[in-house]
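Trainee: Quick one: sequence plus predicted model below, questions after.
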Amino acid sequence: MQINTVSTQAYSDQKPGTSGLRKKVKVFQQAHYLENFVQSILSTLDQSTNKTLVIGGDGRYFNNDAIQIIIKIAAANGYTHFIIGQNGLLSTPAVSHLIRKYQAFGGFILSASHNPGGPDEDFGIKFNVSNGGPATEQNTDAFFSYSQTISSYKLIDLPTIDLNNCGKFKESGLHITIIDPVDDYAELMASLFDFDLIKQAVKTKKISICFDAMHAITGPYATRILEDILGAPKGTVINGIPLEDFGGHHPDPNLSHTKELKELMFSSNALDFAAASDGDGDRNMILGNNIFVTPSDSIAIMAANAQLIPAYASGINGVARSMPTSQAVDRVAKALNIPAFETPTGWKFFGNLLDAGKITLCGEESFGTSSNHVREKDGLWAVLFWLNILAKREQSVQEIVNEHWQTYGRDIYCRHDYEAVDSDIANNIMDHLRSQLDTLAKQSFGSYTVQYADEFSYHDPIDQSISEHQGIRIGFVDGSRIIFRLSGTGTVGATLRIYIEKYEPDSSKQQQDPQTALAELIELAEQFCEVKKRSGRTEPSVIT
Ligand code: G16
């Protein structure tokens, strides 16, 4: 095998964000851009004796070009065994599972998640390590530092690898396995949930389902599991064919981007259960007949009902949520007498807790939930978890949510996103907020008195690492919170996220619309950050 050394120049913008490196496709298509980043990853990680890598992506534009490049560079760096999804496709949770199951060194995931795809849209790349989870912040900092001084990368000459047919073959001394993207994942799901019970509920029409795959990666997974294995009628999965540009849509499962599903589920023809997933299959949105379940409530309800699910029947060790996620799951943990951890935004922060057995379930407000079965969030797993609860409890989503609120109280919650704000303006907003932190405590604003105001930093209890500047928190005496963060996943300007929550224990007041119930806090958020005044926007780009 002839290894070539190619001269290159560093790009200054290769700092990974919340979840890998995400940029416009055209940025990735610049000469040596992807190559530099892949070499930076491989040079930075310990040179292991394990030479197996998993590779796959969500099928967006540039997916398969990137796979061919990665194989050539990884082979030149000594990797000899490659497990690749057929047609280059693998969902993010499936990659996590495959790394663990086949004990690979790690895996490359090609995706910009919920961001749009196509020649003029977004692409992304992320490396997951041997526990199946995203590279840690220490790893990603090291990737970036290497990328800043890189002067060459290694590459072998290789014919284009055929990704279309499943099977094992040898090419230029490399062992290539092209696998069915769904098989191993479907088997894992069957081992966790009571498929017979769900099948029965579907067959007897106790649960009617619609799943929107948003023309992204979960199409084949959901079709196989929901329709072929669990027997839901053909057509249960909509937008089920993965497309390079997701059909021109934004594969982000929230109420703004799933209009078809929203219209159906808030109509008189609503089904019992509906869900959607994102570009790479790690996010989920849960809907019932005329109800949207917030992701923060969803993880709390899962924790409260975990004992109904075969895989978690003997109990859960603990739970974790990202800091901006509502405190609903903490209340369940308290009742179960198990620990609840608060981590920064980003799935990578759950990995150590999962590996150490401190937690079994974890979730984020950004439509992510999962458990210790993989080291990523898992969209279809969440859907199956809900279906298993519905089949077992024989109640509607609405009844389950209402009972949960009556038992634990409701954490009324919303998130306002201001997307594509000029970066300087966004940074000034954050500085303006920081400048108020020392003086806010004990001040009263209308019905609210500030208890604390700070910038969240996380001390990892397992590896003792410290992650600072993870969002600005303003907490009030009654437990309400307003949180401000700049997103780490956008590719245009900056996205300011404002998270607002308020606890409502009184069941006679729990049915309010969040925008109404939170109106005073929403006003206060503007008073603190002045995003409208400073950016000229009149309303958020997205409300979830
Ligand atoms: C990624 C991370 C999540 C994070 C989300 C939003 O999700 O894996 O942990 O909550 O981004 O991050 P931000 O608020 O910084 O945009 P995904 O689905 O985009 O990979």
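Mentor: Received the coordinates, thanks.
Trainee: ok now the lengthiest helix in the chain, how far from the chain's centre?
Mentor: In the chain, with assignment by DSSP state H, the single longest helix is helix 423-440. Averaging C-alpha positions (C-alpha atoms, centre = their mean, to the nearest Å) puts helix 423-440 27 Å from its chain's average.
Trainee: Quick one: name the residues of the protein near the ligand.
Mentor: 18-19, 113-114, 278, 282-283, 322, 345-347, 364, 366, 368, 487-489, 497 (C-beta under 6 Å from any ligand atom). No exception for glycine: its C-beta is placed from N, CA and C like everyone else's.
Trainee: What about those residues, which are in strands?
Mentor: 322, 364, 368, 497 (DSSP state E).
Trainee: got those as a markdown table, with neighbour count, distance to Gln39 and pLDDT columns?
Mentor: Formatted as a markdown table, these follow (neighbours: other C-beta atoms under 10 Å; distance: C-beta to C-beta, whole Å; pLDDT from 0 to 100):
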| residue | neighbour count | distance to Gln39 | pLDDT |
| --- | --- | --- | --- |
| Ser322 | 27 | 31 | 98 |
| Glu364 | 25 | 31 | 97 |
| Gly368 | 26 | 30 | 96 |
| Arg497 | 23 | 33 | 97 |
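Trainee: Mind putting the residues you listed into CSV with distance to Ser480?
Mentor: Putting these into CSV (distance: C-beta to C-beta, whole Å) gives the following:
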residue, distance to Ser480
Ser322, 18
Glu364, 20
Gly368, 23
Arg497, 17
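Trainee: is it true that Ile400 lies in a helix?
Mentor: Yes: counting by DSSP: H, G, I helix; E, B strand; the rest coil, Ile400 is part of a helix.
Trainee: what's the neighbour count on it?
Mentor: 19 (other C-beta atoms under 10 Å).
Trainee: now it: how far from Phe193?
Mentor: 17 Å (C-beta to C-beta, to the nearest Å).
Trainee: again with Asp355
Mentor: 23 Å.
Trainee: out of these two, which sits in the more crowded spot?
Mentor: Using other C-beta under 10 Å, the more surrounded residue of Asp355 and Phe193 is Phe193, with 22 against 16.
Trainee: isn't Tyr413 right up against Glu365?
Mentor: Yes: using C-beta atoms under 8 Å, Tyr413 is in contact with Glu365, at 7.3 Å.
Trainee: Next, show the common contact partners of these two.
Mentor: Both Tyr413 and Glu365 are in contact with 294, 296, 326, 499, where contact means C-beta atoms under 8 Å, 6 or more residues apart in numbering.
Trainee: Now the buried members of the residues of the chain next to the ligand.
Mentor: 18-19, 113-114, 278, 282-283, 322, 345-347, 364, 366, 368, 487-489, 497 (16 or more other C-beta atoms under 10 Å).
Trainee: for the stretch 101-250 of the chain, what are the low-confidence residue spans?
Mentor: Regions of the stretch 101-250 of the chain meeting the criterion pLDDT under 70 are absent.
Trainee: in it, which spans are strands?
Mentor: 106-110, 122-128, 152-156, 167-171, 174-179, 209-212, 237-238 (DSSP state E, counting those that start in this stretch).
Trainee: about what we covered before: report the strands that pair with the helix or strand just after the longest helix of the chain, each with its relative direction.
Mentor: Toward the C-terminus, helix 423-440 is succeeded by strand 444-445 as the next helix or strand (DSSP states H and E). Sheet neighbours of strand 444-445, with direction, are listed as strand 448-455 (antiparallel) (DSSP bridges).
Trainee: for the partner strand, which positions count as buried?
Mentor: 448, 450-451, 453.
Trainee: out of the residues you listed, who's nearest Asn36?
Mentor: Among the buried residues of strand 448-455, Ala453 lies closest to Asn36 (C-beta to C-beta), at 40.8 Å.
Trainee: Domain-wise, how is the protein divided?
Mentor: 3-181, 184-408, 410-543 (automatic domain parsing).
Trainee: neighbours around Ala112, how many?
Mentor: Neighbours of Ala112 (other C-beta under 10 Å): 30.
Trainee: Identify the residues contacting the one helix or strand Leu261 maps to?
Mentor: If you go by DSSP H and E, Leu261 is part of helix 259-265. Here helix 259-265 makes contact (C-beta under 8 Å, 6+ apart) with 210, 212, 238, 255, 270-271, 274, 276, 287-290, 292.
Trainee: what about Ala300, neighbour count?
Mentor: 31.
Trainee: just checking, it is part of a strand?
Mentor: No: assessed with three-state DSSP, Ala300 is helix; it does not lie in a strand.
Trainee: show me the contacts for it.
Mentor: 326, 328-329, 331-332, 404, 408, 411.
Trainee: Next up, the contacts around the nearest residue to Leu440 once chain neighbours are set aside.
Mentor: Spatially, and ignoring its direct neighbours in sequence, Leu440 is nearest to Ala453 (3.9 Å; C-beta to C-beta, 6 or more residues apart in numbering). Residues near Ala453 by C-beta under 8 Å, 6+ apart: 436-438, 440-441, 472-475.
Trainee: List just the nearest of the residues you listed to the ligand.
Mentor: Closest approach to the ligand among the contacts of Ala453 (C-beta to the nearest ligand atom): Ile472, at 13.6 Å.
Trainee: just checking, the closest one touches His432?
Mentor: No: assessed by C-beta under 8 Å, Ile472 is found out of contact with His432, at 10.3 Å.
Trainee: The two: which has the busier surroundings?
Mentor: Counted by other C-beta under 10 Å, Ile472 and His432 do not tie: Ile472 has more neighbours, with 23 against 14.
Trainee: Dig out what that one forms beta bridges with.
Mentor: Beta-bridge partners of Ile472, as defined by DSSP bridges: Glu455, Phe484.
Trainee: quick one: the residue in the stretch 51-200 of the chain that the ligand sits nearest to from Gly88, how far?
Mentor: The minimum distance from the stretch 51-200 of the chain to the ligand, using C-beta to the nearest ligand atom, falls at Ser113 (3.3 Å). Computed as C-beta to C-beta, the Ser113 to Gly88 distance reads 16 Å.
Trainee: check which helix or strand covers Gln406.
Mentor: helix 397-408.
Trainee: How about Phe292?
Mentor: strand 291-293.
Trainee: That strand: partners in the sheet, and parallel or antiparallel?
Mentor: strand 284-288 (antiparallel).
Trainee: for the strand it pairs with, what is the average pLDDT?
Mentor: For strand 284-288, mean pLDDT rounds to 98.
Trainee: Highest neighbour count among the contacts of helix 259-265?
Mentor: That'd be Ala276 among the contacts of helix 259-265, by other C-beta under 10 Å, with 32 neighbours.
Trainee: can you pull up the bridge partners for that one?
Mentor: Going by DSSP bridges, Ala276 forms beta bridges with Asp212, Met285.
Trainee: Settle this for me: it is touching Phe211, isn't it.
Mentor: Yes: with contacts counted by C-beta under 8 Å, Ala276 reaches Phe211, the gap being 7.1 Å.
Trainee: gap between the closest residue to Ser541 other than its chain neighbours and the ligand?
Mentor: Among residues not flanking Ser541 along the chain, Glu419 sits closest, at 4.0 Å (C-beta to C-beta, 6+ apart). Glu419 sits 10 Å away from the ligand, taking C-beta to the nearest ligand atom, to the nearest Å as the criterion.
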